[in-house]
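Student: with the sequence up front, the predicted model follows.
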Number of protein chains: 2
Amino acid sequence: MRDKNNKNNKISLSKVAEAAGVSKMTASRVLRGEGGYSEKTKVKVMQKVDQLGYLPNRLATVFAGDQSSTFVGVSIPDLGNEVFAQVLEGIDRKLGSFGHQTVLGLTQHTPQEEENWIRTVLSWQPAGLILTGRFHSPRGTEMLRNSGIPIVEIWDLNSSPLDMSVGINHFDSGFDMGRYLVGCGYKSIGYVGTSHDTANAATTRLAGFCKAVEGGGGNITKQLCLHDTATYYPGFYGTEQLLASNAQVECIFFQNDAMAFGGLQYCTSRGLEIPCDIGIAGWGDLPIASVMKKRMTSMHVPHLKLGRTAAEMMIARLSGEPIENCRDIGFSLIPGSTVLNQNVGNSAADDVP
Amino acid sequence: MRDKNNKNNKISLSKVAEAAGVSKMTASRVLRGEGGYSEKTKVKVMQKVDQLGYLPNRLATVFAGDQSSTFVGVSIPDLGNEVFAQVLEGIDRKLGSFGHQTVLGLTQHTPQEEENWIRTVLSWQPAGLILTGRFHSPRGTEMLRNSGIPIVEIWDLNSSPLDMSVGINHFDSGFDMGRYLVGCGYKSIGYVGTSHDTANAATTRLAGFCKAVEGGGGNITKQLCLHDTATYYPGFYGTEQLLASNAQVECIFFQNDAMAFGGLQYCTSRGLEIPCDIGIAGWGDLPIASVMKKRMTSMHVPHLKLGRTAAEMMIARLSGEPIENCRDIGFSLIPGSTVLNQNVGNSAADDVP
DNA sequence: AAGATATAAGTTACCGGTAACGTAAAAGCG
DNA sequence: CGCTTTTACGTTACCGGTAACTTATATCTT
């Protein structure tokens, strides 16, 4: 009267076949529309399928052999970040339209969590995996290598991916932002972000940013890496901390737009005029920007498209179509109006007034 | 040299056993730590497991019988809405910590999509399902009923759930907001939201809202249901449409905070002062509110906790613990400062100046 | 009408694990 | 020392489908 019965109560193909007075194999053929049965038999079987409410057991099908499952494992750092939520949405919609199912893994930016998740999800014989980031633990990498299934690494573009990669060059995007801000005439620039255990995209962006700023004659006067999530409120209090320090800061670059909005609100609440008193630059171009009067200076990345593309690459690979294994999805700088371009009309970037 | 080989190349338990010079069954016992083997044998087997990089095939285990899978299917309308992203995060984190995996389904608010997803996900023999919303297609409901697995319906509180339910009473939350706004002295109130094929939570909220407003002597002068997503920009242009109509509107209630922010920005851009010229009320209390100087009048719902609770109920049920099958997670009105309370100090709600 | 061919089935074996049962050797015991 | 009990395995069967093969009947040839 417990689990056992549950099992027994389940309608299997054999029961349908028995009820219809045919063999299991004939019922299987009807359900797969494979042919080799009469119209009369088909009707008999389908009637019983409806009547008994038969639901196939895909586990058995996949397990039986040749067919691989329709699962695709997707690892995402976290969903608190709107950006990743959109990437996931793009992935799942596209995968779903091709009959695949997303098995989610929130890996919290740690390779250990990711490794555990990889081990678990591989045990379910997925058709493929989509992973965020290019860095994996050694054991994780080994399992991925040995899995023999398609793997798409997203977010960070990886010129020598395990298998396939789609994303952007975060170093370059940071560099471009740095060059832009220096080009606007800023000399003393601050940074507010969060810290992570491992090298990640934000760190790479910061590296590119620093290189551009310092190479352009500017200075990163203060760099704050909070032990917190990269959301609105940490942006708010991080800015408070930054401005409370003695460091001279004419402009702040934030890890992402959410933090930048937090920073913007802090500045406004302290009576600072943006961009006259201080410049603010974010990264990621959140949807909320679409309604803000003062457009945030930011870096636009096509998140949904990134997710869709990752799913498309996966599907192409699964269906054996030839596919380039590295795709740059691109980014574009949004000048916005939260920084002041002190050199409007000038093309030279390092022209000091 | 194709798929077949892939299969052949996979390390199965038999291969490990063969390599270690023991039977399949002994290897199985070692891996499950079930006992009944010598220390020497254990070492031999584990060595080969490491050496060959054996990964168990959970499909086979589940398929084999007694054990149910560790999958939990989770359907979410969409992730463009930050609120649902947070709910999902809460669910997956909690499920993950108990060794369960989330199989995602984005059902786009349509019962048909949900039905298709239910059919597919059930074929994978999940341990349980978590569904957003209380309304399902007839066939979907039937499949759920027959599945015999734990089911948690979230978001909408369902006093007679299929199995379990956790969420809030959306009618009441709309009612409370309506009563509050009328209590503030507003008489002519507008609404901006989006339309859906089926009755959903937002519609229920609106119903409660209307009842409170009309019952309190106020009027819904204009009600806009856009055929669009419930995000920032539709809130912006929806407000434009609303204000362009001849309807008299002193205050606008929005389907959610994202739309309310869009509306707020539209009003500000047109030189309207909030809340002096027009009141704005949202729903959901987005994280961005934490940094806005002018706190949005809204309804707070503990999203992460909602997700966590749903997962906890699922896990409790799966482990056979007794559990109440209906949990009200509650909401709380955030007065904010985007509406003007014209009766500060008064307790009577329908006091007209 | 006899043989060749097509059609509509049924039979068997297998996927990778595990439960249930069987068995030989080692250990315990009076 | 011979008996029972325990330990450490091995064997067999099965989960729910499907591939590959076999068989029985219907249809087509000339």
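Tutor: Right, received. Where do you want to start? As the structure is a computational prediction, the values presented were derived from the model and not from experiment. Residues are numbered from 1 along each chain as shown, chains lettered A, B, ... in the order given.
Student: hang on, residue A:130 is in a strand, isn't it?
Tutor: Yes - checked against DSSP: H, G, I helix; E, B strand; the rest coil, residue A:130 lies within a strand.
Student: model confidence for the closest residue to residue A:279 other than its chain neighbours, exactly?
Tutor: Excluding its sequence neighbours, the residue lying closest to residue A:279 (CB to CB, 6 or more residues apart in numbering or on different chains) is residue A:251, at 3.3 Å. C-beta: built from backbone N, CA, C; applies to glycine. Looking at residue A:251, its pLDDT reads 97.
Student: what does residue A:6 give?
Tutor: 39.
Student: now the one 5 residues further on
Tutor: At residue A:11 the predicted local confidence, pLDDT, stands at 91.
Student: so how far is residue A:292 from it?
Tutor: 56 Å (CB to CB, to the nearest Å).
Student: for those two, indicate the residue with more neighbours.
Tutor: More neighbours surround residue A:292 than the other of residue A:11 and residue A:292, with 21 against 18 (other CB atoms under 10 Å in any protein chain shown).
Student: contacting residues for the more buried one?
Tutor: Residues in contact with residue A:292 (CB atoms under 8 Å, 6 or more residues apart in numbering or on different chains) are residue B:265.
Student: chain center to stretch A:212-221, what's the gap?
Tutor: 30 Å (CA atoms, centre = their mean, to the nearest Å).
Student: average pLDDT for it?
Tutor: 95.
Student: again with stretch A:67-82
Tutor: Here the average pLDDT along stretch A:67-82 is 91.
Student: tally of neighbours for residue A:93?
Tutor: With other CB under 10 Å as criterion, residue A:93 counts 18.
Student: surely it touches residue A:310?
Tutor: No - look at residue A:93 against residue A:310 with CB atoms under 8 Å: they stay out of range, at 11.6 Å.
Student: so what's in contact with the two at the same time?
Tutor: Common neighbours of residue A:93 and residue A:310 (CB under 8 Å, 6+ apart) do not exist.
Student: find the least confident helix or strand in chain A, judged by mean pLDDT.
Tutor: helix A:3-9 (a mean of 44; mean pLDDT, DSSP states H and E).
Student: next SSE after that one?
Tutor: Reading on from helix A:3-9 to the C-terminus, the next helix or strand found by DSSP states H and E is helix A:13-20.
Student: near DNA strand D, anything from that following helix?
Tutor: Yes - for helix A:13-20, a contact with DNA strand D is found by CB under 7 Å from any atom of the strand, at A:13-14.
Student: the inter-axis angle of the following helix or strand past that helix versus helix A:13-20?
Tutor: Sequence order places helix A:24-32 as the next helix or strand after helix A:13-20, per DSSP H and E. If you take axes from the mean of the first three to the mean of the last three CA atoms, to 10 degrees, helix A:24-32 sits at 100 degrees to helix A:13-20.
Student: tell me if helix A:24-32 is near chain B.
Tutor: No - under the criterion of CB under 8 Å from any CB of the partner chain, helix A:24-32 makes no contact with chain B; the nearest approach is 11.9 Å.
Student: phi, psi for residue A:165 please.
Tutor: Phi and psi for residue A:165, reported as degrees, to the nearest 10, are phi -150, psi 140.
Student: what pLDDT does it get?
Tutor: 97.
Student: I'd assumed residue A:326 was in contact with it.
Tutor: Yes - counting by CB under 8 Å, residue A:326 is a contact partner of residue A:165 at 5.1 Å.
Student: could I have the CA atoms of the strand or helix carrying residue A:181 written out in PDB?
Tutor: Here residue A:181 sits within helix A:170-183, counting by DSSP H and E. Coordinates of the C-alpha atoms in helix A:170-183 are reproduced here as PDB (Å, rounded to 0.1, in the frame of the first residue of the first chain):
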ATOM      1  CA  HIS A 170      35.200  40.900 -21.100                       C
ATOM      2  CA  PHE A 171      38.800  42.300 -21.000                       C
ATOM      3  CA  ASP A 172      38.000  44.300 -24.200                       C
ATOM      4  CA  SER A 173      34.700  45.500 -22.900                       C
ATOM      5  CA  GLY A 174      36.400  46.800 -19.700                       C
ATOM      6  CA  PHE A 175      39.200  48.300 -21.800                       C
ATOM      7  CA  ASP A 176      36.700  50.100 -24.100                       C
ATOM      8  CA  MET A 177      34.900  51.600 -21.100                       C
ATOM      9  CA  GLY A 178      38.200  52.700 -19.600                       C
ATOM     10  CA  ARG A 179      39.300  54.300 -22.800                       C
ATOM     11  CA  TYR A 180      36.000  56.000 -23.100                       C
ATOM     12  CA  LEU A 181      36.100  57.500 -19.600                       C
ATOM     13  CA  VAL A 182      39.600  58.600 -20.000                       C
ATOM     14  CA  GLY A 183      38.600  60.000 -23.400                       C
END
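Student: avg pLDDT for it?
Tutor: Here the average pLDDT along helix A:170-183 is 97.
Student: next SSE after it?
Tutor: With DSSP H and E, the next secondary element past helix A:170-183 is strand A:188-194.
Student: neighbouring strands - and their directions - for that following strand?
Tutor: Its sheet considered, strand A:188-194 pairs with strand A:219-226 (parallel), strand A:251-254 (parallel) by DSSP bridges.
Student: quick one, which of those is packed in tightest?
Tutor: Ranked by mean neighbour count, the strands paired with strand A:188-194 are led by strand A:251-254 with a mean of 29 (mean count of other CB atoms under 10 Å in any protein chain shown).
Student: got the buried residues for stretch A:337-344?
Tutor: A:337-341, A:343 (16 or more other CB atoms under 10 Å in any protein chain shown).
Student: how about stretch A:128-146?
Tutor: A:128-137, A:140, A:143-144.
Student: name the nearest of these relative to chain B.
Tutor: Nearest to chain B out of the buried residues of stretch A:128-146 is residue A:143 (CB to the nearest CB; 7.0 Å).
Student: mean confidence for stretch A:85-100?
Tutor: Rounded mean pLDDT across stretch A:85-100 is 96.
Student: and chain B, is it touching that?
Tutor: Yes - contact of stretch A:85-100 with chain B (CB under 8 Å from any CB) involves A:85-86, A:88-89, A:92-93, A:96, A:99.
Student: can you tell me which of the residues you listed end up in strands?
Tutor: Among those, DSSP state E puts none in strands.
Student: show me which of those are buried.
Tutor: A:85-86, A:88-89, A:92-93, A:96.
Student: closest one of those residues to residue B:177?
Tutor: residue A:85 (26.0 Å; CB to CB).
Student: could I get the full set of helices for the stretch 201-350 of chain A?
Tutor: Along the stretch 201-350 of chain A, counting by DSSP state H, counting those that start in this stretch, helices occupy A:201-215, A:232-244, A:257-269, A:303-318.
Student: which residues touch stretch A:262-279?
Tutor: Residues contacting stretch A:262-279 (CB under 8 Å, 6+ apart): A:181, A:184, A:186, A:192, A:231-240, A:243, A:249-252, A:254, A:280, A:294, A:296-297, A:337-340, B:290-293.
Student: go through that stretch and flag the buried ones.
Tutor: A:262-268, A:272, A:274-275, A:278-279.
Student: now the end-to-end length of that stretch.
Tutor: 13 Å (CA to CA, to the nearest Å).
Student: gap between it and the chain center?
Tutor: Counting by CA atoms, centre = their mean, stretch A:262-279 comes out at 30 Å from the chain centroid.
Student: the closest residue to residue A:257 other than its chain neighbours: how many residues sit nearby?
Tutor: Using CB to CB, 6+ apart and skipping the chain neighbours, the partner closest in space to residue A:257 is residue A:282 (3.8 Å). Neighbours of residue A:282 under the rule other CB under 10 Å: 29.
Student: which residues of chain A score low on pLDDT?
Tutor: A:1-9, A:66, A:199, A:344-353 (pLDDT under 70).
Student: again, only this time at 90
Tutor: A:1-10, A:34-36, A:63-68, A:80-81, A:108-110, A:158-160, A:195-200, A:246-247, A:287-294, A:341-353 (pLDDT under 90).
Student: closest residue of it to DNA strand D?
Tutor: As assessed by CB to the nearest atom of the strand, DNA strand D sits closest to residue A:13 within chain A, at 2.7 Å.
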